[in-house]
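>>> this one's structure only:
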């Protein structure tokens, strides 16, 4: 018997299209609820039982449908935008109702037999919800909506402490108690108040702690950087600072517990000898070893500058200068000292590599946390930077390791670019160090009095990274590496920088 042929069913169209759209939107709302709950695409996808790529596509569709980014990237995951926070209660209610519908068992009678659905139906008349006061509120406690309205009424010309309290409150209260990130302007104003000495110490701790807990966004970091830059201009003097220019901005902010030799200082000297103007600025904390890099710079003849005029002269005559944070931004330097009280890394630490004291063509950053690489690059784009190079490093310093795969995250003419550089060579064995202070050994590697193949390769490859980062300097990393090798070979015959040659007592504690 011949099989009956079935007529192909065409896709629904016409009146059924809205139903299909509702089905799609329902899936998107469930996805949005998971993202609001987890603040992490991978974890939310696991909860929903879908692939991460599929959830990423759904997030992109949500952003297009709703006309809002919904989430911004931070150092600790995704942070909902104010619009997304406003949707949280409604989206959560829809998701819970869907769960409740499918969890409801089939109705049965008291005898255990199924109900006759012909007359066992809900009433067609609706009663208003039971009128009660919110059970979670204490006597007299306002709702978060009332608190938000009160915060929004704080005028722009209100006293500084009131305005700072508004920003702290918005981070902790708005959106049903989950808060929202600050905008660029709000973060900038908050840091302006702190750096002007107008903030209560409790407010400083609350603001930095709240940002740390929620995870910093690129907008918040950009606002903080703007405020710190304004502070440095006030310290240096606006006319002098605006005329201060350099090819390369090289921040060097490390922990006081970092005992590794700073080979990147030698790399910066190579780059300066190659005809590039290099402005270094940094700090090693605010405690007993805060002056470590000042001593190191002086030991090799890098001018330590405290004013814009001194820095401009050093760049013009030596191609290189170092500015300590303590003289560049005193209030920021003091904020670093709060680490001993808070024992957490605050947003201030993340802003320091991006303060650019001069008008520089590009900056070199070293970042350890993968999420912070995107955070700093996104921040640079918000600040309007066209060029930036971020080195995936084992420490938060721009020092290259040629012995392992290295990732570079860059901005080139305002466009993001990622570069993977394979290991250049096998790591040589650690050279045995003779007796003497570590500073003496560090200097002897430069002069050739001590041969350390491992240290030399780090110096040359770090210089290559710097040359590769400068717009128009080297088309490829290999070309930059070849330039760096040539400068290293001729370093002792090039014009020298005369500095302090003596070694002070106690320098063995530097490294």
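That came in fine, so what should we check first? Keep in mind that this is a model prediction, so the values were computed, not measured. Numbers count the residues shown, from 1 in each chain.
>>> Now do the same contact list for the spatially closest residue to residue 479 that is not a sequence neighbour.
Sequence neighbours aside, residue 468 is the residue nearest to residue 479 in space, at 8.0 Å (criterion: C-beta to C-beta, 6 or more residues apart in numbering). (C-beta placed from N, C-alpha, C; glycine too.) By C-beta atoms under 8 Å, 6 or more residues apart in numbering, the contact list for residue 468 reads 389, 474, 476-477, 479-480.
>>> give me that answer again for 7 Å
474, 477, 480 (C-beta atoms under 7 Å, 6 or more residues apart in numbering).
>>> Residue 154 now?
In this structure, residue 154 makes contact with 162-163, 166, judged by C-beta under 7 Å, 6+ apart.
>>> Produce a ChimeraX select command limited to the buried residues of the residues you listed.
With 16 or more other C-beta atoms under 10 Å as the criterion, this ChimeraX line picks the buried residues out of the contacts of residue 154:
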select :163,166
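>>> Include secondary structure when you put the contacts of residue 154 into TSV, please.
What follows is the contacts of residue 154, written out as TSV (DSSP: H, G, I helix; E, B strand; the rest coil):
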residue	secondary structure
162	helix
163	helix
166	helix
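>>> coming back round to it: quick one, phi psi at the residue nearest to residue 479?
When quoted as degrees, to the nearest 10, the phi and psi of residue 468 stand at phi -70, psi -30.
>>> Okay, it and residue 361: tell me how far apart.
Applying C-beta to C-beta, to the nearest Å, the value for residue 468 to residue 361 is 13 Å.
>>> again, but for residue 223
Relative to residue 361, and taking C-beta to C-beta, residue 223 is found at 24 Å.
>>> Then residue 374?
22 Å.
>>> How is this protein partitioned into domains?
If you go by automatic domain parsing, the domain ranges for the chain are 25-98, 144-215, 245-503.
>>> So what's the gap between the shortest one and the chain middle?
This means domain 144-215. 20 Å (C-alpha atoms, centre = their mean, to the nearest Å).
>>> Quick one: mean pLDDT for it?
Here domain 144-215 scores 81 as its mean pLDDT.
>>> Also the last one?
The average of the pLDDT scores along domain 245-503 is 88.
>>> Quick check: buried residues in the helix or strand encompassing residue 31?
Assigned by DSSP states H and E, residue 31 belongs to helix 17-38. Neighbour-count burial for helix 17-38 flags 28-36, 38 (criterion: 16+ other C-beta under 10 Å).
>>> Distance from the chain centre to that helix, please.
Distance, centroid of helix 17-38 to centroid of chain: 30 Å (C-alpha atoms, centre = their mean).
>>> All the strands of the protein, residue numbers only.
71-74, 77-80, 245-253, 278-283, 320-324, 359-367, 388-392, 406-412, 415-421 (DSSP state E).
>>> What pairs with the fourth one, parallel or antiparallel?
Here strand 278-283 has these sheet partners by DSSP bridges: strand 245-253 (parallel), strand 320-324 (parallel).
>>> hang on, the earlier thing: as JSON lines, the buried residues of helix 17-38 with distance to residue 274 and pLDDT would be great.
Formatted as JSON lines, those follow (distance: C-beta to C-beta, whole Å; pLDDT from 0 to 100):
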{"residue": "28", "distance to residue 274": "54", "pLDDT": "89"}
{"residue": "29", "distance to residue 274": "57", "pLDDT": "88"}
{"residue": "30", "distance to residue 274": "57", "pLDDT": "89"}
{"residue": "31", "distance to residue 274": "52", "pLDDT": "90"}
{"residue": "32", "distance to residue 274": "52", "pLDDT": "90"}
{"residue": "33", "distance to residue 274": "55", "pLDDT": "88"}
{"residue": "34", "distance to residue 274": "52", "pLDDT": "89"}
{"residue": "35", "distance to residue 274": "48", "pLDDT": "89"}
{"residue": "36", "distance to residue 274": "51", "pLDDT": "85"}
{"residue": "38", "distance to residue 274": "48", "pLDDT": "82"}
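>>> Just send those back as JSON lines, with distance to residue 446 too.
Listed next are these as JSON lines, based on distance: C-beta to C-beta, whole Å:
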{"residue": "28", "distance to residue 446": "60"}
{"residue": "29", "distance to residue 446": "62"}
{"residue": "30", "distance to residue 446": "61"}
{"residue": "31", "distance to residue 446": "57"}
{"residue": "32", "distance to residue 446": "57"}
{"residue": "33", "distance to residue 446": "59"}
{"residue": "34", "distance to residue 446": "56"}
{"residue": "35", "distance to residue 446": "52"}
{"residue": "36", "distance to residue 446": "55"}
{"residue": "38", "distance to residue 446": "51"}
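>>> what ranges of the stretch 1-150 of the chain fall below the confidence cut-off?
1-20, 74-76, 103-118, 120, 130-149 (pLDDT under 70).
>>> do that again at 90, thanks
Along the stretch 1-150 of the chain, the parts satisfying pLDDT under 90 run over 1-30, 33-57, 60, 63-150.
>>> Tell me where it has helices.
17-38, 41-48, 52-66, 82-103, 144-152 (DSSP state H, counting those that start in this stretch).
>>> Buried residues, the fourth one. List them.
Spelled out, it's helix 82-103. 84-88, 91-92, 94-95.
>>> Packing partners of it?
helix 17-38 (3 or more C-beta pairs under 7 Å, 6 or more residues apart in numbering; DSSP states H and E).
>>> which other helices and strands contact the helix it packs on?
Helix 17-38 packs on helix 41-48, helix 52-66, helix 82-103, going by 3+ C-beta pairs under 7 Å, 6+ apart.
>>> For residue 364, give its distance to residue 350.
For residue 364 relative to residue 350 (C-beta to C-beta), the value is 16 Å.
>>> Between these two, tell me which one has more neighbours.
residue 364 (30 against 24; other C-beta atoms under 10 Å).
>>> my guess is that one meets residue 389, correct?
Yes - counting by C-beta atoms under 7 Å, residue 364 does reach residue 389; the two are 5.7 Å apart.
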